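In: A structural model of the following input is requested.
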Amino acid sequence: MYKASCWDCQDFYIRKTKRRLHDRKTKHFKAITNSCHASAIADHVTSTGQRFKWDHFDILAKGQSHTHCKIKTEDSTNKGIETHPK
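Out: Residues are numbered from 1 along each chain as shown. Okay, here's the model as predicted:
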C-alpha cells in the first residue's frame, strides 16, 4: 500500500499494489505522457497541471493482507486524509 502526494496542493492518492513500487510509478508516469485515463494520478496531473512527488511515494503497509490494508486506509481517512482510488 502506498501514498503519492501532489507538490502543488493537498491532494494525495492511496492505493495498494502487488507490483513493485517502481513498476507502479512507471505506469502512472506513462499514463501522464500518453494522456490516457488509466491512473487517478495522471488524471490529476493532466486536469490541473500540477506535479506529483515522484521520488517521495510513501509505503504505508507492506506484505499485509487485504483486510489490514483496508483498515489502514480507513484509519488514514478518519484522520482527514483524502484517498483517490482508481
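
In: Tell me where the chain has strands.
Out: With DSSP state E as the criterion, the chain has strands at 2-5, 12-15, 58-59.

In: Serialize the ones you listed to CSV and add fields for mean neighbour count.
Out: Where you see a C-beta, it was placed from the backbone N, CA and C, and this is true even at glycine. CSV is the format used below for those (neighbours: other Cβ atoms under 10 Å):
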stretch, mean neighbour count
strand 2-5, 19
strand 12-15, 20
strand 58-59, 11
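
In: closest one to D23 among those strands?
Out: Distance to D23, taken as Cβ to Cβ, is lowest for strand 2-5 among these, at 11.7 Å.

In: contact partners of the closest one?
Out: 11-17, 21, 24-25, 28, 41, 52-53, 56-60, 76 (Cβ atoms under 8 Å, 6 or more residues apart in numbering).

In: can you rerun that using 6 Å?
Out: With contact meaning Cβ atoms under 6 Å, 6 or more residues apart in numbering, strand 2-5 is reached by 12-14, 21, 41, 52-53, 57-60.

In: and it, C-alpha only, in PDB?
Out: Output of strand 2-5 as PDB, limited to C-alpha atoms (Å, rounded to 0.1, in the frame of the first residue of the first chain):
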ATOM      1  CA  TYR A   2       1.400   3.300  -1.000                       C
ATOM      2  CA  LYS A   3       0.700   7.000  -0.800                       C
ATOM      3  CA  ALA A   4       1.600   9.600  -3.500                       C
ATOM      4  CA  SER A   5       1.300  13.300  -2.800                       C
END
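
In: Return the list of strands paired to it, each annotated with direction.
Out: strand 12-15 (antiparallel), strand 58-59 (antiparallel) (DSSP bridges).

In: I'd assumed K30 was in contact with A42.
Out: No: A42 is beyond contact range of K30, at 8.5 Å (criterion: Cβ atoms under 6 Å).

In: thinking again about what came up before, to S47, which of the strands of the chain lies closest?
Out: Between these, strand 12-15 lies closest to S47; by Cβ to Cβ that is 13.5 Å.

In: just for the chain, where's the confidence low?
Out: 63-86 (pLDDT under 70).

In: Show the contacting residues for W7.
Out: So W7 contacts 51, 53 (Cβ under 6 Å, 6+ apart).
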